[in-house]
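Colleague: Sharing a sequence plus its predicted fold:
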Amino acid sequence: MMALDTLILEIKQLPLTTRLALVEIIAESVRQELAATTEAPELVMGMLGPEGSVPTDQELKEDYINYLDDKYK
């Protein structure tokens, strides 16, 4: 594999259209790699449920009020 400095010099000597095509190829490669790494958490989202029942909105509201009450005593 070429050293990075040599590669950069070679790229700078390419015609503009070729460099633009190279930029597009690199950008697509990065997009694909990022999509592959961020896809896994989305696949498992929601697969794990909470233990027991989910608290109701009213229970959450009361818990939050109690939390604030304790915090500011």
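Modeller: Nice, thanks for sending it over. Being a predicted model, the structure only gives us computed values, none of them experimental.

Colleague: where exactly do the helices run in the chain?
Modeller: In the chain, the helices defined using DSSP state H lie at 4-12, 16-44, 57-71.

Colleague: now the least confident helix or strand in the chain by mean pLDDT and helix 4-12, what's the angle there?
Modeller: One helix or strand of the chain scores below all others by mean pLDDT, DSSP states H and E: helix 16-44, with a mean of 84. Relative orientation of helix 16-44 and helix 4-12, computed by axes from the mean of the first three to the mean of the last three C-alpha atoms, to 10 degrees: 120 degrees.

Colleague: quick one: buried residues of helix 16-44?
Modeller: Neighbour-count burial for helix 16-44, counted by 16 or more other C-beta atoms under 10 Å, picks out no residue. All C-beta atoms are positioned from the backbone trio N, CA, C, and that covers glycine.

Colleague: from now on call the first residue 407
Modeller: In the new count, where the first residue is 407, that last one comes out as helix 422-450.

Colleague: So which elements touch that helix?
Modeller: Using 3 or more C-beta pairs under 8 Å, 6 or more residues apart in numbering; DSSP states H and E as the contact test, no helix or strand touches helix 422-450.

Colleague: How far away from the center of its chain is that helix?
Modeller: 13 Å (C-alpha atoms, centre = their mean, to the nearest Å).

Colleague: Kindly report the same for stretch 412-427.
Modeller: Its chain's average C-alpha position is 30 Å from that of stretch 412-427, according to C-alpha atoms, centre = their mean.

Colleague: end-to-end on it?
Modeller: Across stretch 412-427, the terminal residues are separated by 19 Å (C-alpha to C-alpha, to the nearest Å).

Colleague: quick one on the thing from earlier: please tabulate the helices of the chain in CSV and include distance to Glu457 as additional columns.
Modeller: Written out in CSV, the entries for the helices of the chain read as follows (distance: least, C-beta to C-beta, whole Å):
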stretch, distance to Glu457
helix 410-418, 51
helix 422-450, 17
helix 463-477, 15
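
Colleague: Which among these is found nearest to Pro456?
Modeller: Between Pro456 and the helices of the chain, the tightest spacing by C-beta to C-beta is seen for helix 463-477, at 12.6 Å.
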